[in-house]
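[1] Need coordinates for the following:
(one chain, ligands or ions: 1)
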Amino acid sequence: MYILKEHAKLYWRDILFSIIAVVIMAGSSLWQPRLLQSVMQAIIADDQDKVVTYGIQLIILAIIGLIAGVINTIFAAKVSQSIAADVRQKEYQQIQSFSFANIEKFSTGNLVVRMTNDVNQVQQLVMMILQSLTRIPILFVGAFILALITLPRLWWIVVLMVVLIVLSSQFIFKQMGKLFFKIQQLIDHTNTLAKENLQGVRVVKSFNQEENETKHFTENSDELTQVNTIIGYLFSLMIPMFMLISYLAIGATVLFVGRDVVKHPNDLAAVTSFISYLMQIFFAIMIGGMMSTFASRGFVSLARIKEVLDTKPALTYRADAPETDLSGDVSFKNVSFTYPGDDEPALKNVSFEVKSGEMIGIVGATGSGKTTLAQLIPRLYDPTIGEVAVGGTDLKNVNEKSLRAAVSFVLQRAILFSGKIADNLRQGKKNASSEDMKRAAEISQAAEFINRYEDGFDHLVEERSSNLSGGQKQRLSIARGVVGTPKILILDDATSALDARSEKLVQQALDKELSGTTVFIIAEKISSVLHADRILVLDEGELVSMGNHATLLKNSPIYREIYQTQKAKGDD
Ligand SMILES: Nc1ncnc2c1ncn2[C@@H]1O[C@H](COP(=O)(O)OP(=O)(O)OP(=O)(O)O)[C@@H](O)[C@H]1O
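    Residues are numbered from 1 along each chain as shown. The predicted structure follows:
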């Protein structure tokens with residue numbers, strides 16, 4: 001709730017207008033039956049002048065109520081949209097500050113739902129609070145008091161009706177509240193399923209998994225339908241039940257007024273007004289109950305958003321760390337790392353030092369910890385034990401901007417953004433000139449296909465880079481990595497989709513053009529790192545050997561084994 005309070009402060013004027021309008025609207029609804037009673041009395045007394053006067057007052061009151069209603073809706077919509085936009089932005093900003101560990105904890109699909117569906121729920125909640133939740137208590141209390149004033153001797157009908165409706169609605173709304181919570185969970189799951197399926201559509205199709213995926217999705221969707229249907233049943237049960245209670249109350253009123261009409265002739269004019277108040281009480285309880293059920297859905301969303309906003313980034317940078325020009329030296333001192341939630345460490349007591357400008361290969365079997373080691377250099381995670389330093393500074397004391405400027409990480413999976421090729425490259429260097437981009441494209445061997453486009457670097461990368469081949473994506477991804485001439489470049493299996501010739505050309509160009517840059521090349525194939533100054537050999541998270549190709553062939557049985565196996569398979 002504090003999120004709402006915090007944002008509501010900014011819009012207090014609009015909120016005030018909306019509340020004043022709501023009070024006027026409720027007041028007008030409450031006064032109408034009183035006027036109606038006066039009209040009835042005038043009709044019974046055959047006083048035409050009064051009938052006209054009260055009739056006109058009735059119309060004016062209705063118009064005032066209508067105008068107040070419109071004003072309330074305008075301000076409530078303005079406040080709810082503004083608060084939703086603020087919350088969305090704040091959430092987005094917070095997610096940007098998240099580390100990998102934070103994002104993995106929530107999952108991307110879940111974060112998307114929290115930023116879209118949950119924010120919409122909060123928007124509706126604010127709208128509801130400013131419209132119904134303020135009006136309903138005024139209507140209920142007002143109609144209750146006025147009903148008692150109108151026909152005091154029938155107080156017991158009012159009380160009995162309220163008790164019956166409150167008891168039955170409490171039961172139904174409690175059931176609904178639980179179901180709404182379940183719906184939220186199911187929507188989350190449905191979104192994650194749809195997202196995974198659409199993102200992996202090629203895998204789904206190539207492995208003929210459409211049927212399985214559809215079955216899985218349908219099961220979830222069916223459950224969602226089932227829960228929605230139960231809510232529908234509850235609604236369909238609730239409305240007639242409430243109607244029955246209110247009609248019984250009306251019936252009892254007519255019966256008791258009719259029976260004593262001779263004793264209390266004035267009650268004849270009051271009966272319409274009394275019934276109107278009964279109906280207002282009835283609607284206030286019913287709409288109030290329904291709204292609070294919907295509101296509970298909004299509060300669930302609010303809690304989910306709060307969870308995101310309250311999550312401390314797993315990794316923070318020191319605000320007082322000065323911005324410096326970091327060199328390409330890298331050192332690992334007794335580094336061990338365990339992924340959050342894992343029992344086994346992915347890296348065990350790894351130590352090594354690399355000097356600026358060295359080219360370092362990292363090899364090892366699948367799952368041996370190569371990517372994990374590389375991820376510690378740009379500080380995507382902090383080591384669990386030990387210290388990683390770049391340019392001689394422990395990463396825990398480094399300035400974030402300086403680190404980002406020094407290290408460039410080209411990921412195993414090339415991810416590009418929709419927009420121009422140039423926009424993608426400028427993510428590597430904000431103000432990259434066309435010369436910078438040309439040079440980067442030459443190094444990454446992307447120039448050969450970019451030059452074929454009439455619009456060159458202005459050529460559009462479509463959504464999910466669907467108009468580029470795997471190799472083209474990797475080349476652009478490498479170009480983005482080298483465009484800013486980083487001090488440290490990490491290529492995580494980044495040339496796997498390139499043919500042997502292109503891979504060799506990329507490495508030669510890196511050697512020549514980025515001779516001052518420390519380059520880490522993670523590779524499955526030893527042939528990709530043969531020419532590296534040194535090669536780190538990882539085995540089950542341990543750094544088992546380090547040296548150049550010739551030394552390792554001589555001294556490292558694991559390296560020799562990998563090399564010979566690959567040679568036998570003809571990987572070279
Ligand atoms: N995000 C993660 N959460 C939990 N465990 C992880 C995560 N990423 C990797 N691991 C585990 O850490 C270990 C090392 O993984 P890593 O990706 O570093 O290996 P790798 O040598 O790069 O493998 P590959 O050559 O297949 O890319 C593996 O056991 C893997 O299952």
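
[2] Show the low-confidence segments of the stretch 101-250 of the chain, by residue range.
    201-208 (pLDDT under 70).

[3] Pull the number of nearby residues for the residue in it that the ligand sits nearest to.
    At 5.6 Å from the ligand, residue 104 is the closest residue in the stretch 101-250 of the chain, using Cβ to the nearest ligand atom. (Each C-beta comes from the backbone N, C-alpha and C, glycine too.) Number of residues near residue 104 (other Cβ atoms under 10 Å) recorded here: 14.

[4] Same check on residue 174?
    Neighbour number of residue 174 under other Cβ under 10 Å is 11.

[5] pLDDT (mean, whole number) over the host helix or strand of residue 5?
    In this structure, residue 5 sits in helix 2-8 according to DSSP states H and E. Mean pLDDT, computed over helix 2-8, is 78.

[6] Give the full set of residues in contact with the residue of the stretch 101-250 of the chain closest to the ligand.
    residue 340 (Cβ atoms under 8 Å, 6 or more residues apart in numbering).

[7] contact partners of the helix holding residue 5?
    Contacts to helix 2-8, defined as Cβ under 8 Å, 6+ apart, come from residues 15, 79, 82-83, 86-87, 122, 125-126, 302, 305-306, 309.

[8] Quick one: which of those is the most crowded by neighbours?
    That'd be residue 126 among the contacts of helix 2-8, by other Cβ under 10 Å, with 27 neighbours.

[9] Quick check: closest non-adjacent residue to it.
    Leaving aside its sequence neighbours, residue 126 sits nearest to residue 80 (Cβ to Cβ, 6 or more residues apart in numbering; 3.9 Å).

[10] How about residue 318?
    Spatially, and ignoring its direct neighbours in sequence, residue 318 is nearest to residue 397 (5.9 Å; Cβ to Cβ, 6+ apart).

[11] Which residues of the stretch 351-500 of the chain lie near the ligand?
    Residues of the stretch 351-500 of the chain lying close to the ligand (Cβ under 6 Å from any ligand atom) are 364, 366, 367, 368, 369, 370, 371, 372.

[12] Repeat that for the chain.
    So the chain meets the ligand at 104, 339, 342, 346, 364, 366, 367, 368, 369, 370, 371, 372 (Cβ under 6 Å from any ligand atom).

[13] Name the nearest of the residues you listed relative to residue 561.
    Set against residue 561, the nearest of those by Cβ to Cβ is residue 364 (11.5 Å).

[14] Look at the nearest residue to the closest one once chain neighbours are set aside and give its secondary structure.
    Closest residue to residue 364 apart from its sequence neighbours, by Cβ to Cβ, 6+ apart: residue 538 at 3.4 Å. Recorded secondary structure, residue 538: strand (DSSP: H, G, I helix; E, B strand; the rest coil).

[15] In this structure, where is pLDDT below threshold?
    1-2, 201-208, 569-572.

[16] can you pull out the strands in it?
    Using DSSP state E, the strands found in the chain span residues 330-337, 347-354, 359-364, 385-390, 393-394, 407-410, 419-420, 460-461, 488-492, 518-522, 534-539, 542-547.

[17] Of these, which is nearest residue 568?
    Per Cβ to Cβ, nearest to residue 568 of the strands of the chain: strand 359-364, 16.5 Å.

[18] The closest one packs against which elements?
    Using 3 or more Cβ pairs under 8 Å, 6 or more residues apart in numbering; DSSP states H and E as the contact test, the elements touching strand 359-364 are helix 370-376, strand 518-522, strand 534-539, helix 557-569.

[19] rewinding a little: pretty sure the residue nearest to residue 364 sits against residue 366.
    No. With contacts counted by Cβ atoms under 8 Å, residue 538 stays clear of residue 366, the gap being 10.8 Å.

[20] And the two? Which one has more around it.
    The neighbour count for residue 538 versus residue 366, taken as other Cβ under 10 Å, is higher for residue 538 (24 against 6).

[21] Run through the bridge partners of that one.
    Taking DSSP bridges as the rule, residue 538 bridges to residue 364, residue 543.

[22] wait, what's in contact with the nearest residue to residue 241 once chain neighbours are set aside?
    Excluding the flanking residues, the one nearest residue 241 by Cβ to Cβ, 6+ apart is residue 168, at 6.0 Å. Shown in contact with residue 168 (Cβ under 8 Å, 6+ apart): 238, 241, 242, 245.

[23] are any of the residues you listed buried, and which?
    Buried subset of these (neighbour count, 16 or more other Cβ atoms under 10 Å): 238, 242, 245.

[24] and these as CSV, adding distance to residue 278?
    What follows is the buried ones among the contacts of residue 168, written out as CSV (distance: Cβ to Cβ, whole Å):
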residue, distance to residue 278
238, 18
242, 12
245, 10
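
[25] Looking at those residues, spot the one nearest residue 415.
    Closest approach between those and residue 415, by Cβ to Cβ: residue 238, at 49.6 Å.
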